[in-house]
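The amino acid sequence is not available; the structure is as follows:
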Ligand SMILES: C=C(C(=O)O)c1ccccc1
């Protein structure tokens with residue numbers, strides 16, 4: 001039977017195992033430029049079957065938190081080249097998560113201190129991370145109220161996604177993950193509480209999924225569907241998100257995605273970083289039905305599940321065929337050699353949440369390995 005430690009062919013990319021490092025925002029890229037220490041951080045974790053980078057902004061407008069990296073300056077691209085080389089030198093595989101935050105931003109982070117943009121002018125009851133003058137000391141502040149995007153602005157944002165995907169491959173990434181989860185721009189278009197547009201990008205489920213599918217079309221046209229994954233979070237409340245009928249919404253989304261020969265579908269089960277059985281709407285979300293719908297519609301992408309998995313749950317999910325791949329977030333923060341530890345059944349280091357966001361090497365690259373020679 002299949003286990004987490006079996007190799008996996010991800011649309012032509014050979015993964016050494018089924019254990020994926022989930023995207024994790026760490027707020028350690030001043031001026032959106034990944035630093036040399038970031039290359040060390042990802043290289044330390046290169047034994048993962050696949051690394052998905054932290055959310056990476058496709059444009060200045062897509063930047064929503066201080067010190068998150070981008071793909072829109074030459075300095076950032078040079079920084080990412082160092083990262084991908086360091087990971088590949090360790091035999092690892094790494095894709096970059098393409099991120100536009102939409103309304104989850106602050107005017108001080110926006111070009112010309114503008115309002116953040118969103119499908120509708122509905123403020124989020126949410127916070128974002130800013131740093132004080134002396135870089136690195138940061139805190140969370142309320143997000144700024146957004147303005148509604150004009151239809152005429154959408155092609156420009158699609159272009160930003162296309163361009164980011166192209167430069168991602170140029171700087172050595174093995175592919176991209178479209179961030180369509182956790183209440184950011186693409187999820188804001190999908191779900192009813194944030195999208196109250198009256199044009200053909202709002203209202204019906206088809207209309208609310210339109211922008212996401214146009215982005216997927218543009219990226220897969222640019223770099224190939226086999227280099228393109230996507231992340232969805234059907235019922236997460238993260239960033240103040242809610243839709244009263246997630247099952248029909250995501251049934252339509254996943255059926256529509258089936259025609260693209262994507263690399264993988266990454267599903268967050270429940271509340272991101274919280275209860276796996278979190279429910280929105282009248283009935284519990286049926287993840288198995290979602291996968292079945294996708295396969296019945298002809299979807300062949302790998303199926304990746306996330307959120308609060310431990311070793312036993314993960315083995316069960318892979319053995320049963322419920323998932324091809326399992327992504328782990330917090331456990332990879334504090335266990336660079338998570339794969340080895342899971343293989344040996346070794347003790348896992350608990351992550352220290354006080355150093356998740358912002359700061360220096362402490363809580364970033366100074367977590368211990370089991371056998372010290374790898375430090
Ligand atoms: C990109 C994030 C996500 O997808 O939730 C994120 C951003 C800031 C803090 C934690 C997570």
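Nice, I can see it. All figures in this text were calculated on a predicted structure; none of them were measured in a lab.

Which other helices and strands does the strand ranked longest in the chain contact?
Determined from DSSP state E, the single longest strand within the chain is strand 50-57. Contacts defined by 3 or more Cβ pairs under 8 Å, 6 or more residues apart in numbering; DSSP states H and E place strand 50-57 against strand 19-21, strand 94-99. To be clear about C-beta, it is placed using only N, CA and C from the backbone, and glycine gets the same treatment.

Out of the ones you listed, flag the one nearest residue 307.
Across these, residue 307 has its closest neighbour in strand 19-21 (12.5 Å, Cβ to Cβ).

mean confidence for that closest one?
The pLDDT scores in strand 19-21 average 99.

Show me what it is packed against.
strand 50-57, strand 325-328, helix 338-344.

Quick one, which of the ones you listed gets closest to the ligand.
With Cβ to the nearest ligand atom as the criterion, the ligand lies closest to strand 50-57 of the helices and strands packed on strand 19-21, at 3.6 Å.

angle of the closest one against strand 94-99?
Strand 50-57 and strand 94-99 are oriented at 30 degrees to each other (axes from the mean of the first three to the mean of the last three Cα atoms, to 10 degrees).

C-terminal to strand 50-57, what's the next element?
helix 74-89 (DSSP states H and E).

for the residue of the stretch 101-250 of the chain found nearest the ligand, helix, strand, or coil?
Nearest residue of the stretch 101-250 of the chain to the ligand (Cβ to the nearest ligand atom) works out as residue 182 at 3.7 Å. Under DSSP: H, G, I helix; E, B strand; the rest coil, residue 182 falls in the coil class.

Tell me how many other residues surround it.
23 (other Cβ atoms under 10 Å).

Tell me where the stretch 101-250 of the chain has helices.
Applying DSSP state H, counting those that start in this stretch to the stretch 101-250 of the chain gives helices spanning 154-170, 185-190, 205-223, 246-257.

So which bits of the first one are buried?
Taking 16 or more other Cβ atoms under 10 Å as the basis for neighbour counts, the residues of helix 154-170 that come out buried are 154, 157, 158, 160, 161, 162, 163, 164, 165, 167, 168, 169.

mind listing what the nearest residue to residue 47 once chain neighbours are set aside touches?
Excluding its sequence neighbours, the residue lying closest to residue 47 (Cβ to Cβ, 6 or more residues apart in numbering) is residue 339, at 4.6 Å. Residues counted as contacts of residue 339 (Cβ atoms under 8 Å, 6 or more residues apart in numbering) are 5, 17, 19, 47, 48, 49.

and the nearest residue to residue 130 once chain neighbours are set aside, how far is that from residue 29?
Nearest residue to residue 130, sequence neighbours excluded (Cβ to Cβ, 6+ apart): residue 66, at 4.9 Å. Residue 66 is 9 Å from residue 29, where distance means Cβ to Cβ, to the nearest Å.

what do you get for residue 3?
In terms of Cβ to Cβ, residue 3 sits 35 Å off from residue 29.
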